[in-house]
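K.L.:
Provided below are the primary sequence and the corresponding predicted coordinates.
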Amino acid sequence: MMLYFSGTGNSKYIAELFCERMNAACHSIEEKIDFSNLIAPEKAIAFCYPVYGSRVPRIMREFVKRHMESLKDKKLIIFCTQMYFSGDGARAFTDIFPRGYVSVIYAEHFLMPNNVCNFFILPLPGERSIKKYVKKAERKMQTVCDEITYGVIKKRGFNPVSRALGLIQGVFYPKFEKIGMDRVWIGDNCTQCNLCVTICPMNNFENESGKVKPKNNCTMCYRCINKCPKKSISVYLRGKVKKQYKGLYGNQENQT
């Protein structure tokens with residue numbers, strides 16, 4: 001069974017691709033279901049998530065902690081999606097657990113398109129570039145599924161070099177994450193369509209007296225920024241975004 005979190009569709013694509021190839025059940029951690037009962041009978045659980053600063057998103061960490069008891073002694077397959085490189089993005093997932101609590105039988109990183117749309121030094125990919133990412137991911141996934149089927153154990157990001165790179169990137173992430181929780185701005189051109197209220201995985205928005213306001217609980221997934229019809233929302237940096245990442249699912253509403 002695959003459990004994933006996806007802000008704008010990249011990790012969802014990888015999770016669904018794996019499940020299609022391996023005939024496995026696939027669930028977003030945002031679903032309103034009894035995950036503990038789903039996890040309990042499984043011997044192996046796959047997880048997929050985007051890495052932020054070589055670290056696991058807060059929403060995924062909180063999910064795992066809520067279901068820690070059900071995950072005891074499970075074998076884990078860990079996939080993480082990254083923009084350029086993440087060092088030990090997959091290994092960082094094991095930091096959530098006590099030593100020896102779970103065992104990792106496979107871990108891999110997938111290079112996916114950038115969805116951070118309000119930093120000028122991080123250009124958004126064009127359609128041709130996105131297709132290249134997809135083709136490379138599909139080829140890698142075929143190799144991954146073959147190796148898992150034949151019992152090959154691979155742990156991307158667990159070697160000393162990867163851990164050092166991850167430490168360099170991740171050393172400032174806790175502070176970065178804490179600041180980001182309450183640095184969400186909504187521009188004056190907001191039309192109160194309430195789309196952000198509906199799609200935010202952290203319930204970080206509320207419409208109070210006809211005005212949408214953030215509640216200081218952002219997980220920095222960039223879903224609202226890339227989906228806002230008026231490009232009214234920004235994280236960290238004020239100002240209207242010029243271009244939005246529509247993801248691998250185009251203009252579909254459900255990119256989680």
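P.N.:
Sure thing, it's come through.

K.L.:
so Asn207 sits right up against Asn194, yeah?
P.N.:
Yes. Assessed by CB atoms under 8 Å, Asn207 is found in contact with Asn194 at 5.7 Å. In this view, the C-beta of every residue, glycine as well, is placed from N, C-alpha and C.

K.L.:
any residues touching the lowest-mean-pLDDT helix or strand in the chain, and which ones?
P.N.:
Taking mean pLDDT, DSSP states H and E as the measure, the helix or strand of the chain with the lowest value is helix 173-180, at a mean of 83. The contact list for helix 173-180, computed with CB atoms under 8 Å, 6 or more residues apart in numbering, reads Tyr52, Gly53, Ser54, Arg55, Arg58, Cys218, Met220, Val235, Tyr236.

K.L.:
and if you look at stretch 94-103?
P.N.:
56, 61, 64-65, 68, 71-76, 78, 104.

K.L.:
just the C-alpha atoms of it, please, in PDB.
P.N.:
Provided in PDB are the C-alpha atoms of stretch 94-103 (Å, rounded to 0.1, in the frame of the first residue of the first chain):
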ATOM      1  CA  THR A  94      13.500   7.500   9.300                       C
ATOM      2  CA  ASP A  95      14.300  10.300  11.700                       C
ATOM      3  CA  ILE A  96      10.600  10.300  12.700                       C
ATOM      4  CA  PHE A  97      10.900   6.800  14.200                       C
ATOM      5  CA  PRO A  98      12.800   5.500  17.200                       C
ATOM      6  CA  ARG A  99      15.900   3.400  16.200                       C
ATOM      7  CA  GLY A 100      14.900  -0.100  15.000                       C
ATOM      8  CA  TYR A 101      11.200   0.700  15.000                       C
ATOM      9  CA  VAL A 102      10.900   0.100  11.200                       C
ATOM     10  CA  SER A 103      13.100  -1.300   8.500                       C
END
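
K.L.:
pLDDT of it, averaged?
P.N.:
When pLDDT is averaged along stretch 94-103, the result is 97.

K.L.:
ok, and for it, which residues are buried?
P.N.:
Thr94, Ile96, Phe97, Val102 (16 or more other CB atoms under 10 Å).

K.L.:
domain-wise, how is the chain divided?
P.N.:
Following automatic domain parsing, the chain resolves into domains at 2-171, 175-235.

K.L.:
JSON lines for these, including distance to Tyr245?
P.N.:
Shown next, in JSON lines, are the domains of the chain (distance: least, CB to CB, whole Å):
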{"stretch": "domain 2-171", "distance to Tyr245": "4"}
{"stretch": "domain 175-235", "distance to Tyr245": "5"}
